[in-house]
Structure formats: C-alpha cells, structure tokens
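Novice: here is my input, please return the structure:
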Amino acid sequence: MIIRKMTASFGRLEDSTLTLSPGLNLICAPNEAGKSTWCTFIQTMFYGLPASERAREGFLPVKKRFVPWSGAPMGGSMELLLGDGRAITLERRSSGRQPMRDFAAFVTGTSIPVPELTSETVGESLLGVPRAVFERSAFIGQNCIRVDHSDELERRIAALVTTGDESSSYKAADAALRAWQRKRNYKGRGIIPQLEREIASIDETLRRIEECLERAAALKEQGEALTGEIDALELELSECEQFERESALRRAKSALEKATEKAEKLRAQLESIGNLPAEEDISSIFADLKALETVKMMEDAERARLDEAASALNDARAALEKYRAEDIERDTPRAEKLMKILSLTKLKSALTGSLGAVLVLGGLVAAFLEGPARIAGCIAAILAAAALIVRAAVSVKTRKELDDILARHNVSGVEAFAALKAEISAAKARVQEAEQTVSARKNSYESAVTAVKSHRDRLAEAFRRFGLGDTPEEALRTLAAIKRLQTEIEAAEAEKAAAEKLYAAEAEALPHATLRPAPEPARPRNLVQTDLRAARLRQKMLAEQENIARGEAQALGDPVVLGTRRLGCIEALAEAKRDFNALQLAIETLAEVNHELETRFSPLIGSLAGEILSKITGGRYEKLVLDRTFSARAKAAGASTSREIPWLSAGTVDQVYLALRLAVCRLVLPQEDPAPLILDDALANFDDTRMGYALDYLLELSKERQILLFTCHAREAEYLSGRPGVSLVSLS
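Specialist: Just a heads-up that it's a prediction; the model follows:
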C-alpha cells in the first residue's frame, strides 16, 4: 500500500497538503512544523479518534489536542494506491459536535463508494491489524519507540509459534481465569462468601420464625384463658344493669308525680289573680309602656333643647346690648363731621405758612423801619398772629372732641364705626334667629308633652280594666308576677312531659319477665365495667401481640420456601467450591503451558530482532533476548553475557526497540500488501554512524514497503542525498 497524498485540517494544519512517493520518504521540518500532527492524522484516518480517551491532569485526548487552530471543523482526506492496483480515497469529516465522525471511502477521481470499508473497520481492513498492533509495530511515534505489552500483539505472535490461532493470549486467559476465580472468592467477596452469608442468613431467619410462632401460641393460650373471666363479668354487669333499670323506672315515676303536682299548684296560683289579661292585651300594655318611656325621653330631650335655645337667645341679646347701638348711631355722624374739619385744617397748611411769613415779615419791618411802615408792619404781624392763634384753638378743640368719641366706643378711628355697624347688624340677625329657634323648639316640646299625656291616659284605662293598679309601677309588678307564673307553668309542663317520656322509655326498656325486683348487686356497676374493660383490653392486647408475632413470622418468609432455598444454596456453594478448585488447577496448568510457550516465543522474535540490531549497530550487538512482555536484553559481539535495558545508553536502547519493532512488523503485519512504516524522529538519539546503518537498513526495507521518516535534523537528508529510491519532502 502506498500513501500518495493527504489533505488535512487538523491541529496547526489548515487545509495543508502532503504529497508522498513509493520507497523512503524523508520529511524534514523544524520543531512545531507539524510532523507529529501529520503522524497522528495518518493514524486517525485509518482508525478514527480514540473514543475512550478522557482529559486528565497533564494529558489531553487527541480530539481536543488537535482541534484546528483556525477554528475550522476537523477533517481531511487520504489518497491510497492498494496492492491490487486500485486507487481509493478516504475522507473523514466532523458532524456537529462529533469530530471526524462522518467517513467515506470511494474510488479516486470518482464517486463510486468502496462499501467494504467503514469508519470502524477501515484500518484493520487495509493494514491487516487492529490499532493496538499498528501502534506497537509500524507506527513509531515521537518518544514512543519502546514496545509495551498488548493482548492483541501477544495473540498475533503466539499464533506464529503455535497453531496459528490468534484468538488466545496467555495474559488474557490468565486474567479471565483469575477474574472467574475472584467472582467465586476474593477477600470476603464473591459467590462463595455470598452463598455462605446467605445460608447463615436463612438459618437465622428460620430460627426467628420458629421463635415468633412459639410466642404466638403462648399468647393465644393466655387469651383463651381470659374468656371464662370475661363471661362471668358480663353476667355480673347484666345483673347490675337490670337493677339500675328498675331503680331508674321508680325514679322516673316519682319525678312524673312531682312534676304533675307542681304544674297544678302553679296553675291554681295564676287563676287566683282574677281578671287575667289575654296574651295580646299584655303585649299591648308592654308596648304602650315602652312607647310611654320613649315619648318621655322625647319630652325630656325637647325640654333640654328648648332650654338650650333660650340660653342661646339670652346670650345673643346680651351681646347686642354691649354694643350700645343708639350711641353709635348718634356719634357716628358727629365723628365723621369732626374728621372732615380736621381734614380741612390740614388742607389749609399753605395759608398757615403764609400767615407765618406775614408775621415774620411784619416783625422785621417793625424792627428795622421807621414811621408808617413800622406801624403797618406791626399791624400785619398782630393780625397774622391772631389768625394763627384762632386756627390753633379750633384744631385742638376739634381733635379733643373726636378723641372723646373714639375713646367712648373703644375704637381707633372713624373708619371703625362701619365695622361696628356691621357687627351690630350681625348680632341683631343672631338674636332674630335665636328667637325663631326658641319658638320652634317650644312647639316641639308642647307636642311631646301632649304625646306623654295621651299614652298615660291610654295606660290608665288599661290598668283600670284589668285591675293592675293605679300607676305604671304597680301594673308592671302585677304583670311581672303573671308572666313569672306563666313561665313557671310552661317549665313545669315541659318537666312533666319529659318525665312522662322518661317513664315510658324506662318502662319499655324493662322486660315484663323481670318485673320482680332485682336484688341489689354486690359491687357497683362502674367497678364491674372497669374490670370487664380491663379483661377485654388484656384479651385484645394478647390477640394483637399474637397477630404481630404471626405477622413477623409471615414477613420473615415461608419456612418451606426458605428451607428449599437453603438446600439450593448449599448445592450452589458446593458447586462454586468445585469451580474454584478447578479454576485454581487451570491457572496453575496454564502457567506451566505458558512457560513452555515462552521457550519458543523468545527465540523466534529475538532471533529476527537480533539480526536487525546487528545491522543497525554495525555488528556491535549480535543477539537480542526478550520475554512475552517485550522486556529485552542485548548481547554484544564477543561478550559472554547479555545486558539488561537499564545498563544501556539511551541511543542503544532506542536501537534495540527499533530493531524489535521492525522484527514485529515483519512477523505480524501482512506481507501481501505491506502497510507503510511511519517513524517520527525515531533516530534522534542515534549517533551519526549508527544513524547511517539505520538509514541503510530502512532504504533496503523501503523496497518492500513505503517508509515515512519524519525528522527535525538535516543530517539524514545529507546522508541520503542522491540515493535512488529516496524522496526528500519539506514542510513549510
């Protein structure tokens, strides 16, 4: 099989393409260029993403580790040339949240499907081995050159050294036998301890069932013993009840006679009163008395309202008298006149100023001039002075009179008289309103007095007609006595009726056959009832305890079923012990057979791996010894003993395991259409000399199968430069 071309969106690869050739393909690229990504992509295209991988500390599963950096869906294609000449293309695409889920295989360049290839079987169908064998043979990942154990790989190699049957593996068979043995007995777990515990549990259950049944039988016997005691107590209680019924009948007869006598006495007292008013007359009298009380209350209320209105009228009149309305009517025009005079005096202030000027001027003329001018000045000054004196006297008198009027009425100005007049008018209106209220309430009071007199006259007539007295108080006492007697008579009649009913019931309850007086019981009825209840309660408790015991036994199971199950467990335990011993014998026998098989397993693969190791180490090591777990020891040429892996250098260890893997490839991989060999930096720890030996061997091997050698060094390319059958590929 030849891988021709791959296209991938996988990890750092974004629609990247890698074209390959038959023979040895040397893919050179620096670190982080995608070499390991291409290797994982090849494995994924053949076998799909590992479904069992889960993220844990320090480890990411492939489906998360190689999510495309670009954010595109994970996917890719691979073109193959098969050994039968067919060219096919494999495709894997992501679907929803399932990466690389959708698979398709078709003939290259067409849409013709290849139906025998499916997502689950394509790797094993084309490469001839399952994933576990491919990872330990033809797929040499980075830092994964060592070969660890795998049941699949062991079965393949075992088939080569035995019968060719690949369905068996010693480790798998030994693990299966031990698992079967552990199912039967392992550290207190398994079928054998479980059966032993179940048998012990059944024995304990049977013991408890027997104990419950014995307890139930004892309780039943105690309950039956109480039956005789309960019968005797019931008979004694019946005699007590007979005596009490006869006594109750006698008491009922006596109560009936007393009730009849009492009713007759009360009826005689009522008839002795005389002219008894009828029930409707009594109701009418009580209604009139209640109406009289109501109208009397109305009379009192109207009287209070009349007194309240009269008091309000007196208050209104007193308030009006305080204003002295006549004086205000007389003094108001005078005050207004005086106010006008004072106002005119203020308006003639300019004249007063002129008179003052004349007085001053006349005085100056008289003082400084001589002759007629002096005389004229004196006269003018005297006249001006006289005029000023007269004006001043008039103004003072007017002001005094006005102040007296204002003080008399206790106001501050003439304008206050208008407010006083308004208050007087309001006071007069209040007096008039109060007079109207007094008149209306007086009429209401007189109406109430008339109503009271009317009710009293009607009641007096009723009192005289039935002889109830002259006053309402006497009538009320008489009516109360009549009402009391009537009530007592009704109560006595009811008591008599109840006594008759009780007597009839007691007489009916007492059988005629036992009319002879029953003897008085030795004990009170309540003591007999208490003892009877206690005995019945004890019997009930014993029955309940018996039922509980039988229920416990029933809940524990059927003894017959449990016994049958116990026998089955004993037989199963014996069989399990026989199986355990047989499995132990099989494990020991298998170990002996495996030891014999190992004597043939190691030489076969060790011989082939030793030949390859000799070639890639230049003859330094000539023999390789290993066991079924692929633990190896290498023997150097000329040495007497072989060395274990821990004693070898890192480069030699890698060469040992490379030889082992190449030997495994030759032994277990199909040779008809050899699978490609994939190496990811597998020669990193080789020195230049042994690297040359390894490349020479790989170049020879590439004539049989395609080889993809990924490396981050230039020395491999330099060594193989110009060699036929080598294709140098660079990753950008």
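Novice: need the pLDDT of Val161.
Specialist: Note on Val161: pLDDT of 39.
Novice: and the most centrally placed residue in the chain, how far from Gly48?
Specialist: Geometric centre of the chain, nearest residue: Arg97, 32.6 Å, by CA atoms, centre = their mean. Here the criterion is CB to CB, to the nearest Å. By it, Arg97 lies 16 Å from Gly48. Glycine gets a C-beta too; all of them are placed from N, C-alpha and C.
Novice: for the closest residue in space to Arg303 that isn't next to it in sequence, give me the pLDDT.
Specialist: Using CB to CB, 6 or more residues apart in numbering and skipping the chain neighbours, the partner closest in space to Arg303 is Tyr445 (5.7 Å). Per-residue pLDDT puts Tyr445 at 86.
Novice: host element of Tyr445?
Specialist: Element membership of Tyr445 [criterion: DSSP states H and E] is helix 416-466.
Novice: count of neighbours near the closest residue in space to Arg86 that isn't next to it in sequence?
Specialist: Nearest non-adjacent residue to Arg86, counting by CB to CB, 6+ apart: Val107, 7.0 Å away. By other CB atoms under 10 Å, the residues close to Val107 number 13.
Novice: got it, and Ala480?
Specialist: Neighbour count of Ala480, defined by other CB under 10 Å: 10.
Novice: so it: helix, strand or coil?
Specialist: Recorded secondary structure, Ala480: helix (DSSP: H, G, I helix; E, B strand; the rest coil).
Novice: any idea how far Glu280 is from it?
Specialist: Distance of Ala480 to Glu280, given as CB to CB: 18 Å.
Novice: repeat for Ile707
Specialist: Distance from Ile707 to Glu280, by CB to CB: 137 Å.
Novice: can you show me the strands along the stretch 101-250 of the chain?
Specialist: 139-140 (DSSP state E, counting those that start in this stretch).
Novice: flag the shaky bits of it, pLDDT-wise.
Specialist: Residue ranges of the stretch 101-250 of the chain with pLDDT under 70: 143-170.
Novice: one more time with 90, if that's ok
Specialist: Across the stretch 101-250 of the chain, the ranges flagged by pLDDT under 90 are 101, 128-137, 140-193, 195-196, 220-250.
Novice: now swap in the stretch 601-732 of the chain and tell me
Specialist: Counting by pLDDT under 90, the stretch 601-732 of the chain contains low-confidence ranges at 601-610, 613, 619, 621-661, 663-673, 684, 730-732.
Novice: all strands for it, in order.
Specialist: 621-626, 632-636, 643-644, 677-680, 707-711, 726-730.
Novice: in a markdown table, list those strands along with mean neighbour count and distance to Cys39.
Specialist: Shown next, in a markdown table, are these (neighbours: other CB atoms under 10 Å; distance: least, CB to CB, whole Å):
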| stretch | mean neighbour count | distance to Cys39 |
| --- | --- | --- |
| strand 621-626 | 20 | 26 |
| strand 632-636 | 21 | 24 |
| strand 643-644 | 14 | 30 |
| strand 677-680 | 23 | 5 |
| strand 707-711 | 23 | 6 |
| strand 726-730 | 16 | 14 |
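Novice: make a markdown table from those strands and add distance to Lys400 to it.
Specialist: Output for these, formatted as a markdown table (distance: least, CB to CB, whole Å):
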| stretch | distance to Lys400 |
| --- | --- |
| strand 621-626 | 155 |
| strand 632-636 | 153 |
| strand 643-644 | 152 |
| strand 677-680 | 139 |
| strand 707-711 | 140 |
| strand 726-730 | 139 |
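Novice: ok, which of those comes nearest Ser439?
Specialist: strand 677-680 (131.5 Å; CB to CB).
Novice: restricting to C-alpha, output the closest one in CSV.
Specialist: C-alpha atoms of strand 677-680 as CSV (Å, rounded to 0.1, in the frame of the first residue of the first chain):
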residue,chain,number,x,y,z
LEU,A,677,6.1,2.3,8.1
ILE,A,678,5.9,5.6,9.9
LEU,A,679,8.7,7.0,12.1
ASP,A,680,8.5,10.3,13.9
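Novice: for Ser16, grab phi and psi.
Specialist: Main-chain torsions, Ser16, degrees, to the nearest 10: phi -80, psi 150.
Novice: nearest spatial neighbour of Glu302, skipping sequence neighbours?
Specialist: According to CB to CB, 6+ apart, the nearest residue to Glu302 is Tyr445 (4.1 Å).
Novice: so that neighbour touches Ala304, yeah?
Specialist: No. At 9.4 Å, Tyr445 does not count as touching Ala304 under the criterion of CB atoms under 8 Å.
Novice: more neighbours: which of these two?
Specialist: Remark: of Tyr445 and Ala304, Tyr445 carries more neighbours, 21 against 12, as counted by other CB under 10 Å.
Novice: which ones are touching the more buried one?
Specialist: 299, 302-303, 305-306 (CB atoms under 8 Å, 6 or more residues apart in numbering).
Novice: from Glu495, how far out is it?
Specialist: Distance, Tyr445 to Glu495, by CB to CB: 53 Å.
Novice: what sits against Pro559?
Specialist: 206, 209-210.
Novice: please repeat the previous calculation with a cut-off of 6 Å.
Specialist: For Pro559, the contacting residues are Ile209, by CB atoms under 6 Å, 6 or more residues apart in numbering.
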